[in-house]
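Novice: Coordinates only, no sequence provided:
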């Protein structure tokens, strides 16, 4: 090992320890132990250009153990991604570019928001799938314009989380040869030795998944690490997992101890570490100029690599202009916006149908407009109607296929969807039954945090599931997803609203969308319109300018509102029916618009929805009422259940009368 390499590795350690110490908060153990493997990867093997962090053909690096964020921030600083020493000194402080866990879109060079352990592992699988798909679609002989690796680094915690096994099992099945997993194996977790809860042979597990497995016995041996990386890169028939045996908190008096994981080393221990490492100064955040010069030279090599690719891509575009046009379509985030005026996009058959079926029709329309449209389900495509006809199946034998098969792996599916969105060039969707949004939720939350326009197709949306019973009948899930910031929930009532939901989803730039869809057939409603894009609108007006009451409903219950309106009219009660497919979009409208739909002087309001009433209070007020679920469902035919739980015209009529 050259002395400059040793100094460069130790610079990562020193900056990480100083950052955590200055903040008096953080996790120094992982950065100290994993500094050598990270340096070897970034300096000698990873294709990246700090001058252009969004270069399309860069290798991706995900720090799945996001608690070790100072490792990543130190790398970004040293390689010249724009983080300054002051930013490192501002670690975990309000408004800083160095938050406690890495945040995508907040800090340049961060490829994914990580923190929940294992999430980065699964998102890396999605990135690798994105690379495999786009390379199969775009590469021509002599023109490997999509040709990069995805690297992900995690520790024992990531390996314990079930999401990692879900995702890596699929990665092995798919033979994702450009996915390389670094396992920072230090045998320490927060409570002490991993032996208290985790004694399995992780390497054998990954072998069973179908990975090439490699071991680096000395996590500080750059040469050994480098050989393992090259061996991993050389095997394109399967993904690779490199176990790197490290010491948590390396170089400090807390080396090998659980206390090195999640608390500052202490000023004396930081000083002792610097002395042990032979660091030339005790000054906080000090890095010798020769170390900065080394990193600058390494970054310059990355710029040369991109320049060579730019030449290759320019030649490719001249030789294959049709592929250049396709590339531009894939990477144009606004490509779907002109669908707002295309009649064929909004057309529908005037017959009762389930919104899951209508969504399936939309998916098979969208696929023809958006070449980067890709997605699938957790083994449920025949039920969720998410299969794209004639688009092929993404598999080890055909990465060009656009239908994804995630298997029964909802949690990993959502994270992989995030990875596809993060990769770029693709518009992804994932799908399962709505009740299993409970399994999806942690990764949907990351979609929202990262501002990723991933679409969640969630079917079988209520007690309308019927005979499958309460385990499969969602009750509180609408409220759960509606409570999440920057996440749009859309529960359409018919074909037009379903088209509006899909239009919103595929044109959204920074917000994920959940489409919540029925299994049972619904009628096509007179009065439904593109106004659904405003979240709520007057579907059936009252005869008076100021109605006697307002019925607000979503999805399958809008029909109930229409029927109740007709019955109430026979008794001289004049009611307005408002369809509210999306509370989120309605809240984004102007005050004037919201007041025009729900005027403040009409206090007699009834909300009708086959879910929990949580969230409806702001729309019905103290004088209003709800026809909603107050319990879990039951096992019986859907029609029986809707009657049992009060979703009848008679009950809605009586509820309206009760608030007048």
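Specialist: All right, it came through fine. Only a predicted model underlies this, so the values are computations on that prediction, with no experimental measurement involved.

Novice: tell me which element the closest residue to residue 541 other than its chain neighbours is part of?
Specialist: Sequence neighbours aside, residue 576 is the residue nearest to residue 541 in space, at 5.9 Å (criterion: C-beta to C-beta, 6 or more residues apart in numbering). The way it works is simple: take the backbone N, C-alpha and C, and place the C-beta from them, glycine included. Using DSSP states H and E, the element containing residue 576 is strand 575-579.

Novice: Please apply the same query to residue 374.
Specialist: strand 373-377.

Novice: From the rest of the structure, what touches the helix or strand following that strand?
Specialist: Counting by DSSP H and E, the next helix or strand C-terminal to strand 373-377 is helix 381-384. With C-beta atoms under 8 Å, 6 or more residues apart in numbering as the test, helix 381-384 has contacts from 356, 377, 387, 403, 405, 431-433, 457, 459-460, 517.

Novice: Closest to residue 443 out of these?
Specialist: The shortest approach to residue 443 among the contacts of helix 381-384 belongs to residue 432, at 11.8 Å (C-beta to C-beta).

Novice: element containing that closest one?
Specialist: With DSSP H and E as the test, residue 432 turns up in strand 427-433.

Novice: buried sites along the next helix or strand after that strand?
Specialist: Reading on from strand 427-433 to the C-terminus, the next helix or strand found by DSSP H and E is helix 437-450. Buried residues in helix 437-450, counted by 16 or more other C-beta atoms under 10 Å: 437, 439-441, 443-450.

Novice: farthest-separated two in these?
Specialist: Pairwise distances across these peak at 19.2 Å for 439 and 450 (criterion: C-beta to C-beta).

Novice: coming back round to it: neighbouring strands - and their directions - for the strand holding residue 374?
Specialist: Partners of strand 373-377 in the sheet, by DSSP bridges, are strand 403-405 (parallel), strand 427-433 (parallel).

Novice: these two touch, right, residue 490 and residue 503?
Specialist: No - Residue 490 is not in contact with residue 503 according to C-beta atoms under 8 Å; the separation is 10.1 Å.

Novice: hang on, the earlier thing: now find how far off-centre the strand holding residue 374 is within its chain.
Specialist: Put simply, strand 373-377 sits 14 Å off its chain's centre (C-alpha atoms, centre = their mean, to the nearest Å).

Novice: which residues are in contact with that strand?
Specialist: For strand 373-377, the external contacting residues (C-beta under 8 Å, 6+ apart) are 133, 363, 366-367, 384, 386-388, 394, 402-406, 413, 417, 420, 426-432, 455, 457, 506.

Novice: do stretch 81-92 as well
Specialist: With contact meaning C-beta under 8 Å, 6+ apart, stretch 81-92 is reached by 15, 18-20, 22-23, 25-26, 50, 53, 70, 73-74, 76-77, 96-100, 107-109, 284-285, 287.

Novice: Could you tell me the end-to-end distance of it?
Specialist: 19 Å (C-alpha to C-alpha, to the nearest Å).

Novice: That stretch: which residues count as buried?
Specialist: Using 16+ other C-beta under 10 Å as the test for burial, stretch 81-92 gives 81, 83, 87-92.

Novice: mean confidence score for it?
Specialist: The pLDDT scores in stretch 81-92 average 98.

Novice: Likewise for stretch 8-15?
Specialist: With pLDDT averaged residue by residue, stretch 8-15 scores 98.

Novice: again with stretch 319-335
Specialist: For stretch 319-335, the mean per-residue pLDDT is 97.

Novice: Which parts of it count as buried, going by neighbours?
Specialist: 320, 323-324, 327, 330, 335.

Novice: hmm, back to that, just the closest of the buried residues of helix 437-450 to residue 256, please.
Specialist: Set against residue 256, the nearest of the buried residues of helix 437-450 by C-beta to C-beta is residue 446 (32.0 Å).

Novice: quick one: average confidence on the strand or helix carrying residue 356?
Specialist: Element membership for residue 356, per DSSP H and E: helix 355-369. In this model, helix 355-369 has a mean pLDDT of 98.

Novice: what's the answer for stretch 548-568, then?
Specialist: The average pLDDT for stretch 548-568 rounds to 98.

Novice: ok so, going back, which one of the strands paired with strand 373-377 is the most hemmed in?
Specialist: Greatest average neighbour count among those goes to strand 427-433 (a mean of 27), per mean count of other C-beta atoms under 10 Å.

Novice: quick check: angle from that one to helix 437-450?
Specialist: 160 degrees (axes from the mean of the first three to the mean of the last three C-alpha atoms, to 10 degrees).

Novice: avg pLDDT for strand 427-433?
Specialist: 98.

Novice: Not counting it itself, show me its contacts.
Specialist: With C-beta under 8 Å, 6+ apart as the contact definition, strand 427-433 has outside contacts at 336, 363, 370, 372-378, 380-381, 383-384, 386, 404, 406, 410, 413-414, 416-417, 420-421, 439-440, 453-460, 465, 472, 505-506.

Novice: For residue 490 and residue 503, work out which one has more neighbours and name it.
Specialist: Neighbour totals were compared for residue 490 and residue 503, and residue 490 leads with 27 against 22 (other C-beta atoms under 10 Å).

Novice: from the buried residues of stretch 319-335, which ones fall inside helices?
Specialist: Of those, the ones assigned to helices by DSSP state H are 323-324, 327, 330.

Novice: Serialize those residues to CSV and add fields for distance to residue 143.
Specialist: Formatted as CSV, those follow (distance: C-beta to C-beta, whole Å):
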residue, distance to residue 143
323, 9
324, 11
327, 12
330, 16
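
Novice: Just give me the closest of the residues you listed to residue 567.
Specialist: Comparing these against residue 567 with C-beta to C-beta places residue 330 closest, at 51.7 Å.

Novice: Surely the closest one and residue 425 touch.
Specialist: Yes - Residue 330 is within contact range of residue 425, at 4.4 Å (criterion: C-beta under 8 Å).
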